[in-house]
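In: here's my sequence, what's the structure:
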Amino acid sequence: MAPGATASQAKLFRPDVVLNSKPSSLATETLVAQIIPDNTLGNEQSTVLNTQEQNRISGGAIQGPNLFHSFEEFNINTGQHVYFANPDHIETILSRVTGSNISEIDGLLGVDGTANLFLLNPNGISFGPNAQLDIRGSFTAILRTELGD
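Out: A predicted model of the protein is given here:
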């Protein structure tokens, strides 16, 4: 649960869904948890603070009520807790994955505040049996970033 949230405020959700737009050979491989920011946001790069209890994602590019993050890799292992920082005026957090791998989520993914969270990975997003969401806003996973045939 996000720091400062009560059990009645937080929405914990256990998705049993695999969202994948491309075939993956990762089903038989063990992934090492990785949340690696890329360099596409220039001086407004995302930062990941790793502690024993949780990983906290902060920084990013702010445009009005929106906060943008960009990652080369975004994976959460079983037992790992990852929270996005939510500055007071931010209503929507948009996070994209620019690398070539599917995102494997098998731990807890949350937002510290009430912002809506979008996670975009055109290679797919897999939610394992231990995946949980701790998000008081809405959560949207997007697999393709372009429309076409």
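In: from the chain's centre, how far out does the strand of greatest length in the chain sit?
Out: Determined from DSSP state E, the single longest strand within the chain is strand 66-74. Strand 66-74 has its C-alpha centroid displaced from the chain centroid by 8 Å (C-alpha atoms, centre = their mean, to the nearest Å).
In: centre-most residue in this structure?
Out: Nearest to the mean C-alpha position of the chain, counting by C-alpha atoms, centre = their mean, stands residue 119 at 5.5 Å.
In: which SS state does that one fall under?
Out: Assigned with DSSP: H, G, I helix; E, B strand; the rest coil, residue 119 falls in the strand class.
In: can you name the residues bridging to it?
Out: With DSSP bridges as the criterion, residue 119 is bridged to residue 95, residue 141.
In: tell me the confidence at it?
Out: For residue 119, the pLDDT comes out at 98.
In: could you double-check that residue 141 sits in contact with residue 117?
Out: No. With contact defined as C-beta atoms under 8 Å, residue 141 does not count as touching residue 117 (9.3 Å). All C-beta spots, glycine's among them, are computed from the backbone N, C-alpha and C.
In: of the two, give the one with the bigger neighbour count.
Out: A count of neighbours by other C-beta atoms under 10 Å puts residue 117 above the other of residue 141 and residue 117, at 23 against 17.
In: shaky segments in the chain?
Out: For the chain, the stretches flagged by pLDDT under 70 are 1-33, 145-149.
In: where exactly do the helices run in it?
Out: Here the chain has no helices by DSSP state H.
In: then the longest strand of the chain to PDB, C-alphas only?
Out: Taking C-alpha atoms only, strand 66-74 is exported to PDB below (Å, rounded to 0.1, in the frame of the first residue of the first chain):
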ATOM      1  CA  ASN A  66       0.700  15.000 -16.700                       C
ATOM      2  CA  LEU A  67       3.900  13.300 -15.700                       C
ATOM      3  CA  PHE A  68       5.800  11.300 -18.300                       C
ATOM      4  CA  HIS A  69       8.300   8.500 -17.700                       C
ATOM      5  CA  SER A  70      10.200   6.500 -20.200                       C
ATOM      6  CA  PHE A  71      12.000   3.200 -19.600                       C
ATOM      7  CA  GLU A  72      14.200   0.800 -21.600                       C
ATOM      8  CA  GLU A  73      13.100  -2.100 -19.400                       C
ATOM      9  CA  PHE A  74      10.200  -2.400 -16.900                       C
END
